[in-house]
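**Student:** no FASTA, just this:
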């Protein structure tokens, strides 16, 4: 999976996420071309800011993120080539996990981890979904687990009811 040593490699309970590249191969090639053009513009024109933009774009292209759900919580390791960050969301801090099935990824499940106002989303294999839930409940009994499809259906129903009630209230005001 990775050529670097990750903090959860020795943890047998760790459940690793599945990397899904949201970028198309051709768009990544174009991003490298744009980076090159920005560097050239920064060198040969008076607009030096383009070199900074090129460096940021190149850094985002080279950044790799690794994630695992373990006994510690949700562990996120980011390798940015120039620096590495390691962040842990403890299970006691995570308030909810929402799961959603995406048609584009038939064997994967998308899990949203919510901590306060921040939500992070990662793909896990379908078989690992229940293992993640068990691990979460084992370390945090208060964690809530939601089904995104169910939530969306309830939201549609609520919006429909609100439209109807708004129509009725407008009709009553006209009378």
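**Tutor:** Structure's in. What do you need? None of these values were measured; they are calculated from a predicted model. Numbering: from 1, shown residues only.
**Student:** Next, give phi and psi for residue 60.
**Tutor:** phi -70, psi -30 (degrees, to the nearest 10).
**Student:** Tell me how many other residues crowd it.
**Tutor:** 11 (other C-beta atoms under 10 Å). No exception for glycine: its C-beta is placed from N, CA and C like everyone else's.
**Student:** quick one: contacts for it?
**Tutor:** Listed by C-beta atoms under 8 Å, 6 or more residues apart in numbering, the contact set of residue 60 is empty.
**Student:** So which residue is smack in the middle of this structure?
**Tutor:** When C-alpha atoms, centre = their mean is applied to the chain, the residue found nearest the centroid is residue 121 (2.8 Å).
**Student:** Which helix or strand lies directly C-terminal to the strand or helix carrying it?
**Tutor:** In this assignment (DSSP states H and E), residue 121 forms part of strand 118-125. Downstream of strand 118-125, the next assigned helix or strand under DSSP H and E is helix 129-139.
**Student:** Show me what counts as buried in that next one.
**Tutor:** Residues 129, 132-133, 135-136, 139 are the ones in helix 129-139 that count as buried (16 or more other C-beta atoms under 10 Å).
**Student:** Next: stretch 66-85.
**Tutor:** 66-70, 72-77, 79.
**Student:** repeat for stretch 150-170
**Tutor:** Buried, per 16+ other C-beta under 10 Å, within stretch 150-170: nothing.
**Student:** what pLDDT, on average, does that stretch get?
**Tutor:** In this model, stretch 150-170 has a mean pLDDT of 84.
**Student:** Enumerate the beta-bridge partners assigned to the residue nearest to residue 72 when sequence neighbours are not counted.
**Tutor:** Nearest residue to residue 72 in three dimensions, chain neighbours excluded: residue 88, at 5.5 Å (C-beta to C-beta, 6 or more residues apart in numbering). The bridge-partner assignment for residue 88, based on DSSP bridges, gives residue 75.
**Student:** Give me the distance between residue 88 and residue 155.
**Tutor:** 32 Å (C-beta to C-beta, to the nearest Å).
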